[in-house]
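Student: sharing a model that was predicted from the sequence below.
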Amino acid sequence: AAINTMKFRKEHKFNELGDIRHKIPDHFNLDSNQHTNQHMEALTKYISAYHRSNTAIMHTLPDNDRGIVTYIIGNQGNMDKVLETMTKEEILLAYSYNNEITYQILDEITRRTGRLTKVLKVIDLADMSLRAMNQKYLKLDAEANKQLEDFYPQLLGSALVVNPPGWLDALWKVLRPLFPKRFVEKLNLITPTKNKDDLKYFLKFVSKNNIPERYGGNAKAWPPPAMTEIMNTGN
């Protein structure tokens, strides 16, 4: 695995990038990054295609000494447009660059605190229709993540599917074998506003004061602060 990772990093020239932590997408300013390489160009293209609104995918760092929380609001994403405008190779480039940015941020926190730091993904499927779930996109997404999992094995701490609709069980039975084993093992379906015990899945990664009220926490702000805003202010 180590040798393959070295080959992957050399092929993508990631060791030559320097510090790219500030390149993490800003949901308040989706066009803020300039195209400095093919990976950044692919990530910018993906963001433009996928986002129906600025809240489709949001990266934030609610606790400075803990990990990134990424909120994915299902009904704000446009899977169809990604497939219409991007190739499989471009999607992989976008995902790999996003992973590298995330890795650099988490690595800095891990080295500074001495604690292994990971990402919490919150996938909110409230008001999400089955028609909007493009299975071809989901298969490509699963395939890309499976290709990248061995190169970034420690990124994901947990994935929480919040407000899962009734139709999800049947779809998940079809898609489950396609996703990386590490992802499947860390996936939980929760409804924290109805079941207060579900809040425990958040609390492993973020304090209650920084969990949005819509997910059973105390934070009133929504959307949450962007990563770039937090990193620039040091808050």
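Tutor: Nice, thanks for sending it over. Just so you know, these numbers come straight off a predicted model, no measurement behind them.
Student: at the geometric centre of this protein, which residue sits there?
Tutor: For the chain, T70 is the residue whose C-alpha lies nearest the centre (CA atoms, centre = their mean; 4.8 Å).
Student: I'd say that residue and V122 touch.
Tutor: Yes - the criterion here is CB atoms under 8 Å, and T70 meets it with V122 at 7.0 Å. The C-beta positions use only the backbone N, C-alpha and C, and glycine is treated the same way.
Student: list the helices and strands whatever helix or strand the residue nearest to the centre of the chain lives in packs on?
Tutor: For T70, the element it lies in under DSSP states H and E is strand 69-73. Secondary-structure packing of strand 69-73 (3 or more CB pairs under 8 Å, 6 or more residues apart in numbering; DSSP states H and E): strand 57-60, strand 119-124.
Student: ok, now with 10 Å
Tutor: strand 57-60, strand 119-124, strand 156-162 (3 or more CB pairs under 10 Å, 6 or more residues apart in numbering; DSSP states H and E).
Student: now the next helix or strand after it: buried residues?
Tutor: Downstream of strand 69-73, the next assigned helix or strand under DSSP H and E is helix 79-85. Buried positions in helix 79-85, judged by neighbour count with 16 or more other CB atoms under 10 Å: 79, 81-83.
Student: and stretch 173-183, by the same measure?
Tutor: Taking 16+ other CB under 10 Å as the criterion, stretch 173-183 shows 175, 178-180, 182-183 as buried.
Student: let me see the mean pLDDT of the strand holding T70.
Tutor: The average of the pLDDT scores along strand 69-73 is 97.
Student: what pairs with that strand, parallel or antiparallel?
Tutor: Here strand 69-73 has these sheet partners by DSSP bridges: strand 57-60 (antiparallel), strand 119-124 (parallel).
Student: so which of the ones you listed gets nearest K88?
Tutor: Among those, the nearest to K88 by CB to CB is strand 57-60 (19.6 Å).
Student: name the residues of that closest one that are buried.
Tutor: Buried, per 16+ other CB under 10 Å, within strand 57-60: 57-60.
Student: tell me the two of those residues that are most distant?
Tutor: Farthest-apart pair in the buried residues of strand 57-60 is I57 and T60; separation 10.9 Å (CB to CB).
Student: what's the overlap in contacts for these two?
Tutor: Listed contacts common to I57 and T60 are 27, 70-71; contacts here mean CB atoms under 10 Å, 6 or more residues apart in numbering.
Student: any chance of the residues you listed in a markdown table with distance to R52 as columns?
Tutor: Shown next, in a markdown table, are the shared contacts of I57 and T60 (distance: CB to CB, whole Å):
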| residue | distance to R52 |
| --- | --- |
| H27 | 12 |
| T70 | 17 |
| Y71 | 14 |
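Student: sorry, back to before: which one of the buried residues of helix 79-85 is nearest F205?
Tutor: M79 (26.2 Å).
Student: helices of this protein, residue ranges please.
Tutor: Along the chain, the segments classed as helices by DSSP state H run 2-12, 38-50, 79-85, 88-113, 135-148, 168-175, 181-185, 200-203, 227-233.
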